[in-house]
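Participant: Just to be clear, the model below is a prediction. Sequence and coordinates:
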Amino acid sequence: MHRAHPAGPRHADVLPAEHPPAPPADLNSLDPAIWPRGARRVDGVLTIGGVDVRDLAGQYGTPAFVLDEEDFRGRCRDFTQAFGDQAAVFYAAKAFCCRAVLRWAAEEGLGVDVCTGGELEVALAAGVDPAMITMHGSNKLLSELERAVATGVGHVVVDSFEEIARLAYLTEERDGLTAGGRPAADRNAAEKDGAGRPPRVLVRVTTGVEAHTHEFVATAHDDQKFGFSLSSGAADEAVRRVLAAPSLDFAGLHSHIGSQIYDTAGFDVAAHRVLELAVRIRAEHGVHIDELDLGGGFGIAYMPEDDPADIKEVAQGLHDIVRAQCAAAGLEVPRLTVEPGRAIAGPGTVTLYEVGTIKDVDGLRSYVSVDGGMSDNIRTALYGAEYTCALASRESAAPPMLSRLVGRHCESGDIVVRDTYLPADLAPGDLVAVAATGAYCRSMASNYNHVPRPPVVTVRDGATRVLLRGETHEDLLSLDEG
Ligand SMILES: *Cc1c(COP(=O)(O)O)cnc(C)c1O
């Protein structure tokens with residue numbers, strides 16, 4: 001049922017594809033599991049949120065990311081409703097981060113996860129309540145920790161022994177100032193700017209559980225940079241040190257097992273191992289964990305055969321797992337937290353490109369070049385990601401043409417969609433849309449070849465608004481000090 005993701009580099013660049021995928025029955029159809037909820041064909045033309053893609057291209061140019069606001073908000077609500085009052089949902093901002101979407105997430109009742117000072121500043125600028133921000137990162141800068149403490153960030157997920165010591169130092173210093181050495185007026189000021197409460201501390205543990213995904217995306221092997229290893233005892237030691245620091249407020253444990261996870265099996269094993277640590281913590285320190293954060297990684301459909309479980313089932317499954325394991329271990333049930341990124345931001349966005357050239361290569365396939373590429377979507381080149389695309393500016397009754405959608409960068413690996421079918425009458429000037437590009441595309445975009453990064457435009461009820469403006473050559477030149 002769940003398809004495996006490609007395990008390594010493929011050799012289709014040097015060998016003809018032996019088994020090209022079968023052409024779809026209908027090149028014009030839009031699979032609702034893959035395209036934004038507000039995507040339709042109206043008189044053959046793709047519209048999103050009631051806006052015709054030809055108008056979007058005319059107004060904002062191409063490439064452009066087009067984000068369906070109702071889709072994004074709807075997925076936030078799906079998560080909060082599915083997980084219910086006994087859980088908290090935090091949007092992982094690294095999937096796509098700008099002020100508007102963080103505000104939407106907050107308005108829909110989600111918290112926000114940040115993993116750098118940059119993402120933290122966006123969340124603060126968006127007006128997200130600092131108490132609803134969780135600070136992640138495997139090497140948080142001292143300045144970032146300082147800022148997190150000063151602004152009253154709700155949780156910090158600690159990831160190394162050095163960081164525990166740094167955070168203990170910063171919070172001690174802060175407590176010293178607010179409790180004793182500082183005049184009341186300053187104390188009030190500190191509380192007003194958010195420094196009223198120290199962050200609660202979650203200890204990130206690596207469980208050794210590997211999610212169903214490509215090796216470069218998984219983050220829960222023991223042999224990797226994130227978290228404290230359970231198997232080596234480092235996680236037990238980290239909890240010991242947090243509890244020993246009087247200025248640190250231990251909240252519980254955190255585990256993130258990977259990405260593009262389609263069912264709850266991996267979470268089951270991870271939760272089991274994390275709760276074994278919770279049992280040891282109770283035995284050694286007499287302390288129980290208030291919070292259990294099982295991370296993100298909820299998968300989405302990029303291709304017709306992708307079949308992620310419904311989020312209601314996932315939520316029910318995770319609650320059942322945690323309750324059953326706590327009952328078996330005699331633990332109080334901690335508050336559950338999940339941190340979806342891709343599953344919130346991914347499906348509601350498409351990338352709109354204009355076709356520039358079409359080359360029929362040795363009768364193998366057509367190379368369709370568009371006006372963007374690896375600078376706006378690195379995922380195909382980075383880890384063999386697969387995407388669905390379609391002719392967007394019109395429909396066509398022409399037969400399917402085996403195609404590879406490529407960019408305009410100076411790399412033969414500059415591929416956006418490796419294997420796809422487009423209609424044989426495709427022509428320069430046509431618009432092609434690539435589905436499900438909302439997560440880890442704009443946020444991983446680069447200026448390779450001095451290509452400006454595209455705008456992100458949101459659509460809702462027939463209206464459009466720019467969330468991130470597109471860069472210009474002047475923007476890029478302005479960094480150049482000559
Ligand atoms: C990346 C990440 C997430 C979000 O992952 P998705 O696959 O986008 O859901 C959540 N939590 C942590 C700690 C992460 O590193």
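Facilitator: Right, received. Where do you want to start? Numbers count the residues shown, from 1 in each chain.

Participant: Domain parsing of the protein, as residue ranges.
Facilitator: The record's domain parsing of the chain by automatic domain parsing lists 39-68+347-474, 84-345.

Participant: all helices for the stretch 301-450 of the chain, in order.
Facilitator: With DSSP state H, counting those that start in this stretch applied, the stretch 301-450 of the chain shows helices at 311-329, 342-345, 379-383, listed in chain order.

Participant: Return the most buried member of these.
Facilitator: helix 342-345 (a mean of 28; mean count of other CB atoms under 10 Å). From N, CA and C alone the C-beta is placed, and that goes for glycine too.

Participant: elements contacting that helix?
Facilitator: helix 69-83, strand 87-92 (3 or more CB pairs under 8 Å, 6 or more residues apart in numbering; DSSP states H and E).

Participant: outside of the longest one, which residues touch it?
Facilitator: Residues from elsewhere that reach helix 69-83, judged by CB atoms under 8 Å, 6 or more residues apart in numbering: 36-38, 49, 89, 91, 101, 104-105, 107-110, 311-312, 314-316, 318-319, 336, 338, 340, 343-345, 347-348, 438, 458-460.

Participant: Go again with 7 Å.
Facilitator: Contacts of helix 69-83 with the rest of the structure, by CB atoms under 7 Å, 6 or more residues apart in numbering, involve 36-38, 49, 89, 101, 104-105, 108-110, 311-312, 315, 338, 340, 343-345, 347-348, 458-460.

Participant: Most proximal residue of the stretch 51-200 of the chain with respect to the ligand?
Facilitator: A92 (3.4 Å; CB to the nearest ligand atom).

Participant: got the residues of the stretch 51-200 of the chain near the ligand?
Facilitator: Within the stretch 51-200 of the chain, the positions near the ligand by CB under 6 Å from any ligand atom are 92, 94-95, 113, 136.

Participant: try it again with 5 Å
Facilitator: Proximity of the stretch 51-200 of the chain to the ligand (CB under 5 Å from any ligand atom) is limited to residues 92, 95.

Participant: Looking at the helices and strands packed on helix 342-345, spot the one closest to V406.
Facilitator: Closest approach to V406 among those is made by helix 69-83 (27.5 Å; CB to CB).

Participant: that older thread, now go through the contacts of helix 69-83 and say which are in strands.
Facilitator: 89, 338, 458-460 (DSSP state E).

Participant: which one of those is nearest D55?
Facilitator: V459 (10.1 Å).

Participant: Can you name the residue of the stretch 301-450 of the chain nearest the ligand?
Facilitator: G341 (2.6 Å).

Participant: okay but that residue is in contact with I300, surely?
Facilitator: No: counting by CB atoms under 7 Å, G341 stays clear of I300, with 10.4 Å between them.

Participant: So these two - more neighbours on which side?
Facilitator: Neighbours per residue, other CB atoms under 10 Å: of G341 and I300, the larger number sits with G341, 25 against 22.

Participant: which residues touch that one?
Facilitator: By CB under 7 Å, 6+ apart, the contact list for G341 reads 91-92, 94-95, 296, 439.

Participant: Take these and lay them out in CSV including distance to D249.
Facilitator: Putting the contacts of G341 into CSV (distance: CB to CB, whole Å) gives the following:
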residue, distance to D249
Y91, 23
A92, 23
K94, 25
A95, 28
G296, 24
A439, 32
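
Participant: out of the residues you listed, which is most surrounded?
Facilitator: Within these, Y91 tops the neighbour count with 31 neighbours, counted by other CB under 10 Å.

Participant: ok, back up a step: will you turn the helices of the stretch 301-450 of the chain into a markdown table that also has mean pLDDT and distance to A283?
Facilitator: A markdown table is the format used below for those (pLDDT from 0 to 100; distance: least, CB to CB, whole Å):
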| stretch | mean pLDDT | distance to A283 |
| --- | --- | --- |
| helix 311-329 | 95 | 11 |
| helix 342-345 | 98 | 36 |
| helix 379-383 | 94 | 41 |
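
Participant: Distance to T472 added to the ones you listed, as a markdown table?
Facilitator: Output for these, formatted as a markdown table (distance: least, CB to CB, whole Å):
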| stretch | distance to T472 |
| --- | --- |
| helix 311-329 | 39 |
| helix 342-345 | 25 |
| helix 379-383 | 25 |
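
Participant: sorry, back to before: tell me which of the helices and strands packed on helix 342-345 sits most buried.
Facilitator: Using mean count of other CB under 10 Å, strand 87-92 ranks as the most buried of the helices and strands packed on helix 342-345, with a mean of 25.

Participant: where in the stretch 1-150 of the chain is pLDDT low?
Facilitator: The model of the stretch 1-150 of the chain has pLDDT under 70 over residues 1-19.

Participant: Which strands or helices does the helix or strand where L243 lies pack on?
Facilitator: Assigned by DSSP states H and E, L243 belongs to helix 234-244. With contacts defined as 3 or more CB pairs under 7 Å, 6 or more residues apart in numbering; DSSP states H and E, helix 234-244 has these neighbours: helix 161-176, strand 200-206, strand 228-229, helix 265-285.

Participant: tell me how far the shortest one is from the chain's mean position?
Facilitator: Read that as strand 228-229. When C-alpha coordinates are averaged (CA atoms, centre = their mean, to the nearest Å), strand 228-229 and its chain have centres 23 Å apart.

Participant: How about stretch 165-179?
Facilitator: 32 Å.

Participant: Equivalent analysis for stretch 271-283, please.
Facilitator: Stretch 271-283 sits 28 Å away from the centroid of its parent chain (CA atoms, centre = their mean).

Participant: Show me which positions of that stretch end up buried.
Facilitator: Neighbour-count burial for stretch 271-283, counted by 16 or more other CB atoms under 10 Å, picks out 271-275, 277-279, 281-282.

Participant: What is the nearest of those to the ligand?
Facilitator: V274 (13.6 Å).

Participant: how about the closest one, what does it touch?
Facilitator: 205, 207, 253, 255, 292.

Participant: Counting by contacts, list what the following helix or strand past the helix holding L243 packs against.
Facilitator: Counting by DSSP H and E, the next helix or strand C-terminal to helix 234-244 is strand 249-254. In terms of contacts (3+ CB pairs under 7 Å, 6+ apart), strand 249-254 is packed against strand 200-206, helix 265-285, strand 291-293.

Participant: any chance of those in JSON lines, with mean pLDDT too?
Facilitator: Shown next, in JSON lines, are the helices and strands packed on strand 249-254 (pLDDT from 0 to 100):
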{"stretch": "strand 200-206", "mean pLDDT": "97"}
{"stretch": "helix 265-285", "mean pLDDT": "93"}
{"stretch": "strand 291-293", "mean pLDDT": "98"}
